[in-house]
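Asker: one predicted model, sequence on top.
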Amino acid sequence: RNHVPERSPVVIWLDMRIQIKSWAIYFLVVLLSLFFHELGHCVVAWVNGIRAVPTAAKEYPLDPVPDGVKYLVSAGGVAATIVASLLGLVLFAVKKTKNSLSFLAGVTAMPVLYSTLFFFKGRGHDGTEFQEFQSVVGASYSGHFSDWTFVVLSLAAIILWVVTEKPTYRCFPRLLLRALLTFAFIVGLQEANNSLFDRLFARG
């Protein structure tokens, strides 16, 4: 019978620290990517002379938004998420570090979530943000250009991961756990964010 050497407590502790750090980086990047999305909305508002406050999961215009600007503000968040995802893919491809995989997973978490919602619900985002972005870039308002853009970004991230990491089937339970925790994290963050800021920035 083959003898499997026991792992020392020091090795187990170091492995745990690595895993904790990896998860912490991942969720921090998810949080920052959500904020970057809301910042994209606000940047467009600011450029048009409208005061707005970005928070972790929602943007709050402090001034009335004219109808001619609303679709641009909506499109700004989608554009910001696309830019962040592309930058994440490029950085992962050209500069590998020990935390690159956690960064790539975090920055593309929203595209993966959008793609999942697209296949299950028919649209990756509630409201009309995706449609507004499509009208800005000249695509059909009622089409799915935004949805398919995020599907392509998600597939690009998955292909990069497979090619560079060569994962085995043993990683799938961990991926499922990460997906479930990510969904819970995003939903919980939105609920907490809106509960905290809706009343603070509500215009009476």
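Answerer: Looks like it came in fine. Residues are numbered from 1 along each chain as shown.
Asker: what's the next secondary structure element after the host helix or strand of residue 26?
Answerer: For residue 26, the enclosing helix or strand under DSSP states H and E is helix 9-47. Note on helix 9-47: by DSSP H and E, the next helix or strand toward the C-terminus is strand 52-54.
Asker: who touches the next helix or strand after that following strand?
Answerer: The helix or strand immediately downstream of strand 52-54 is strand 59-61, counting by DSSP H and E. The contact list for strand 59-61 (Cβ atoms under 8 Å, 6 or more residues apart in numbering) reads 38-39, 41-42, 45, 50-54, 73, 77, 197, 201. Heads up, the C-betas are built off the backbone N, CA and C, glycines and all.
Asker: cool, and stretch 138-154?
Answerer: 78, 81-82, 85-86, 89, 108, 110-112, 114-115, 118, 123-125, 129-131, 133-135, 137.
Asker: same deal with stretch 27-47?
Answerer: By Cβ under 8 Å, 6+ apart, the residues outside stretch 27-47 that reach it are 51-59, 61, 65, 69, 72-81, 83-84, 102-103, 105-107, 109-110, 182, 185-186, 189.
Asker: now the buried members of the residues you listed.
Answerer: Neighbour-count burial (16 or more other Cβ atoms under 10 Å) is assigned, among those, to 52, 54-59, 61, 65, 69, 72-81, 84, 102-103, 105-107, 109-110, 182, 185-186, 189.
Asker: look at the residue nearest the centre of the chain and give its secondary structure.
Answerer: Central residue of the chain (Cα atoms, centre = their mean): residue 110, 2.9 Å from the mean position. Here residue 110 takes the helix state, with states given by DSSP: H, G, I helix; E, B strand; the rest coil.
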